[in-house]
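**Student:** build the 3D model from these lines:
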Amino acid sequence: MKRRALLAATLGAGILAGAAGSTRAATEKPFTQATFAAAQKAGKPILVHVWASWCPTCKAQAPTLAAIEADPANKDLLVLKVNFDDQKDVVNAFGVRMQSTLIAFRGTKEEGRSTGDTDPGSIKALVAKAVQ
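**Tutor:** Numbering: from 1, shown residues only. Model (predicted):
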């Protein structure tokens, strides 16, 4: 009986989380130069996330990034994902050496970057530099 109650609670929480997340369209998009340039020209806050599907650090960053995107204070933030393995031209253009790199921009100005950081507080602080 306890297993069924736990399963029901887990499923219910997942449904509620999905419903809560559906009130705001996700801003995370695959990186394209055109999207990045348009957002820069518009002066938008941008977070470039260089990731790899096999990267455990990238997976550890995912819940923090999802929470940041869901926060109404970050409603204008555009998160662009750069695939470390498939977009080497972009990786090189940003001077990135490792996956799990986060780069914050406000318009055309780079406000900061971090690599390998999984601490929610410091990731939020990095994003805040772009969103201010």
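**Student:** for this structure, what spans make up the helices?
**Tutor:** Secondary structure of the chain by DSSP state H: the helices cover 2-21, 33-41, 56-70, 88-93, 120-131.
**Student:** which residues touch the fourth one?
**Tutor:** If I follow you right, that is helix 88-93. Residues outside helix 88-93 that contact it (C-beta atoms under 8 Å, 6 or more residues apart in numbering): 31, 33, 50, 82, 84. Where C-beta positions appear, they are placed from N, C-alpha and C, glycine not excepted.
**Student:** show the average pLDDT along that helix.
**Tutor:** Mean per-residue pLDDT for helix 88-93: 97.
**Student:** buried stuff in it?
**Tutor:** Across helix 88-93, burial judged by 16 or more other C-beta atoms under 10 Å covers 90-91.
**Student:** chain center to it, what's the gap?
**Tutor:** Offset of helix 88-93 from its chain centre (C-alpha atoms, centre = their mean, to the nearest Å): 18 Å.
**Student:** repeat for stretch 64-77
**Tutor:** 8 Å.
**Student:** next one: stretch 110-125
**Tutor:** Distance, stretch centre to chain centre, for stretch 110-125: 11 Å (C-alpha atoms, centre = their mean).
**Student:** switch to numbering from 23
**Tutor:** Sounds good: first residue 23 from here, last item stretch 132-147.
**Student:** show the end-to-end separation of that stretch, please.
**Tutor:** Start-to-end span of stretch 132-147 (C-alpha to C-alpha, to the nearest Å) is 14 Å.
**Student:** for residue 53, phi and psi?
**Tutor:** phi -70, psi 130 (degrees, to the nearest 10).
**Student:** any idea of the pLDDT on it?
**Tutor:** Turning to residue 53, the model gives it a pLDDT of 97.
**Student:** and residue 50, by the same measure?
**Tutor:** For residue 50, the model assigns a pLDDT of 80.
**Student:** partner residues bridging the nearest residue to it once chain neighbours are set aside?
**Tutor:** Spatial nearest neighbour of residue 50, excluding adjacent residues (C-beta to C-beta, 6 or more residues apart in numbering): residue 101 at 4.2 Å. Judged by DSSP bridges, the bridge partners of residue 101 are residue 69.
**Student:** now residue 126, nearest residue through space, not along the chain?
**Tutor:** Nearest residue to residue 126, sequence neighbours excluded (C-beta to C-beta, 6+ apart): residue 152, at 3.9 Å.
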